[in-house]
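Participant: sequence plus predicted model, see below.
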Amino acid sequence: MDAPKPGRLDDDRQRIYEYVEREGRVDPERARAALGFEHRRFGHHLSMLKRDGYLTERDGQLEIAMDPGTAEQYETDGLTVTIRPARQDDIAGIVGTLRQVAGEGSYIEAESVAQQLDYEDSLLRHNEFESRVFFVATVGEEVVGWVHLEIPELDKLHHTAELTIGLVEAHRGHGIGSRLLEHGLDWAEEMGLTKVYNSFPATNEGAIEFFEAHGGAVEAVREDHYRIDGEPVDEVMMAVTL
């Protein structure tokens with residue numbers, strides 16, 4: 001995640017950056033009017049934010065400038081699958097996929113991320129408190145899976161990330177989940193992270209086995225942490241050391 005930290009900005013540019021981050025994707029004129037800037041002053045600040053790598057403009061819309069890696073495309077079992085960095089306009093597909101996976105009742109972290117995206121309506125985060133990035137797997141134009149990493153900006157935790165990953169049921173069994181996870185872990189390692197965390201209810205045996213098969217290890221178990229269908233269920237806290 002190579003974009004500069006927004007804490008270096010002066011007040012006016014900080015306001016513009018935070019507005020774009022909060023909105024996720026926004027028309028420049030709408031941003032200018034909402035923030036009450038005169039045209040020339042806004043244009044100058046926007047040019048500097050683009051020049052310094054804070055914001056970018058794609059299809060006439062402002063977005064946070066982040067470089068979470070490149071796309072890869074491959075064939076598997078007759079499917080053409082693309083794994084790439086997510087864009088703001090993927091948010092509906094990601095939330096739908098999150099909710100489908102969470103609806104199976106055994107991935108609480110995915111449910112939490114879906115609620116967060118619904119509330120914020122913004123996919124990427126890169127500020128003084130957190131950095132959040134998503135990669136998606138697509139078949140055709142349809143988002144069928146995701147991997148999400150969230151890095152706290154606290155110095156003592158900046159070498160770690162929380163991760164969620166999931167795939168719609170119809171596309172399981174083709175190795176797409178493995179490629180997604182490998183893509184996310186490769187990116188984390190390139191960013192200098194040393195540990196990535198994920199947690200599952202103990203009833204989600206398939207997810208635990210999947211994570212173990214890709215280098216994950218159980219670090220702790222919190223007894224009776226969840227209530228699923230009224231029954232107490234342990235939380236299995238896992239990590240991959242990079």
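Facilitator: All right, it came through fine. Numbers count the residues shown, from 1 in each chain.

Participant: residue 171 reaches residue 142, doesn't it?
Facilitator: No. Using C-beta atoms under 8 Å, residue 171 and residue 142 do not qualify as a contacting pair, with a distance of 9.2 Å. Glycine gets a C-beta too; all of them are placed from N, C-alpha and C.

Participant: ok, longest strand in this structure?
Facilitator: Secondary structure of the chain read by DSSP state E shows that its longest strand is strand 216-228.

Participant: which strands and helices sit next to the lowest-mean-pLDDT helix or strand in the chain?
Facilitator: When the helices and strands of the chain are compared on mean pLDDT, DSSP states H and E, strand 125-126 comes out lowest with a mean of 77. Contacts of strand 125-126 with other secondary structure elements, assessed using 3 or more C-beta pairs under 8 Å, 6 or more residues apart in numbering; DSSP states H and E, are made with strand 130-139.

Participant: can you name the next helix or strand after the strand it packs on?
Facilitator: Note on strand 130-139: by DSSP states H and E, the next helix or strand toward the C-terminus is strand 142-152.

Participant: same question for that following strand, mean pLDDT?
Facilitator: The pLDDT scores in strand 142-152 average 93.

Participant: the helices in this protein, which residues?
Facilitator: Listed in chain order, the helices found in the chain under DSSP state H are 11-23, 28-35, 39-51, 91-102, 108-120, 176-190, 205-213.

Participant: what are the buried residues along stretch 161-172?
Facilitator: 161, 162, 163, 164, 165, 166, 167, 168, 171 (16 or more other C-beta atoms under 10 Å).

Participant: count of residues packed around residue 232?
Facilitator: Residue 232 has 10 neighbouring residues, counting by other C-beta atoms under 10 Å.

Participant: what bridges to it?
Facilitator: Bridge pairing for residue 232 (DSSP bridges) gives the partners residue 227.

Participant: any idea how far it is from residue 187?
Facilitator: Here the criterion is C-beta to C-beta, to the nearest Å. By it, residue 232 lies 36 Å from residue 187.

Participant: try residue 64
Facilitator: Noted for residue 64: a distance of 17 Å to residue 187, by C-beta to C-beta.
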